[in-house]
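[1] I'll drop the sequence and a predicted model, then ask my questions.
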Amino acid sequence: LRLVDVPAAALAQLPELLEALRDRPERFLLFVDDLSFEAGDVRYHPLKTLLEGSVEARPDHVRLYATSNRRHLVQERLRDRPDPLDDDVHVWDTQNERLALADRFGLLVTFPSADRRRFLAIVRALAERDGVRAADLEARADRFARSGNGYSGRTAQQFLDAFHARLA
């Protein structure tokens with residue numbers, strides 16, 4: 001298995017990349033980190049082709065994994081929603097085109113916000129994994145989260161990273 005890091009700025013080169021990988025014997029994982037698009041951005045079109053195929057099928061030995069902080073990947077504002085008085089007969093087609101990219105991924109993993117109780121449980125589990133013991137760990141973690149980072153798994157990891165950095 002080979003990992004290929006694909007910067008979001010290089011999505012236009014996906015067809016060439018697939019062509020270069022097509023006849024290779026290895027399996028490939030194309031990884032795009034922090035994928036998102038602004039309204040009006042059309043760089044996602046090659047990505048849609050990769051996910052669903054076109055005249056030429058996607059190679060079976062190539063998979064795409066992407067991370068994003070956006071569920072729908074393409075930014076959408078209320079003003080972008082179709083005006084019911086607009087005379088464009090197919091205005092919803094344009095709207096659905098923007099949102100259809102996220103639907104092409106086979107698996108979606110979401111990480112909902114944690115409440116205080118869940119956040120502290122995550123901190124305890126991460127601390128146990130790392131062998132961290134401190135009498136006031138939960139109180140310190142709670143202060144860290146309330147200082148502006150919020151209650152989330154990411155904040156729990158950031159807290160423990162900061163905790164380890166203070167020990168070093």
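    Thanks, I have the structure now. If you're wondering where the values come from, they're calculated on a predicted model, not measured in any experiment.

[2] right, and Val4 touches Ala20 too?
    No. Here Val4 does not reach Ala20: they are 9.9 Å apart, not a contact under CB atoms under 8 Å. In short, each C-beta sits where N, CA and C put it, glycine included.

[3] SS state for the residue nearest the centre of the chain?
    In the chain, the residue lying closest to the centroid (CA atoms, centre = their mean) is Ser68, at 1.8 Å. Following DSSP: H, G, I helix; E, B strand; the rest coil, we place Ser68 in the coil state.

[4] okay but it is in contact with Leu47, surely?
    No. Between Ser68 and Leu47 there is no contact under CB under 8 Å: 11.5 Å.

[5] where exactly do the helices run in this structure?
    Assigned by DSSP state H, the chain shows helices spanning 14-21, 45-52, 91-103, 116-130, 137-144, 153-167.

[6] list the contacts for the residue nearest to the centre of the chain?
    Residues in contact with Ser68 (CB atoms under 8 Å, 6 or more residues apart in numbering) are 34-36.

[7] which of these has the most neighbours?
    Leu35 (21 neighbours; other CB atoms under 10 Å).

[8] that residue and Tyr65: what is the separation?
    Distance of Leu35 to Tyr65, given as CB to CB, to the nearest Å: 10 Å.

[9] next: Asp23.
    Look at Asp23 and Tyr65: by CB to CB, they are 22 Å apart.

[10] neighbour count for these two, which is higher?
    Taking other CB under 10 Å, Asp23 and Tyr65 do not tie; Tyr65 has more neighbours (14 against 7).

[11] spatially nearest residue to the more buried one (excluding sequence neighbours)?
    Phe31 (5.2 Å; CB to CB, 6 or more residues apart in numbering).

[12] beta partners of the one you found?
    For Phe31, the beta-bridge partners are Asp5, Tyr65 (DSSP bridges).
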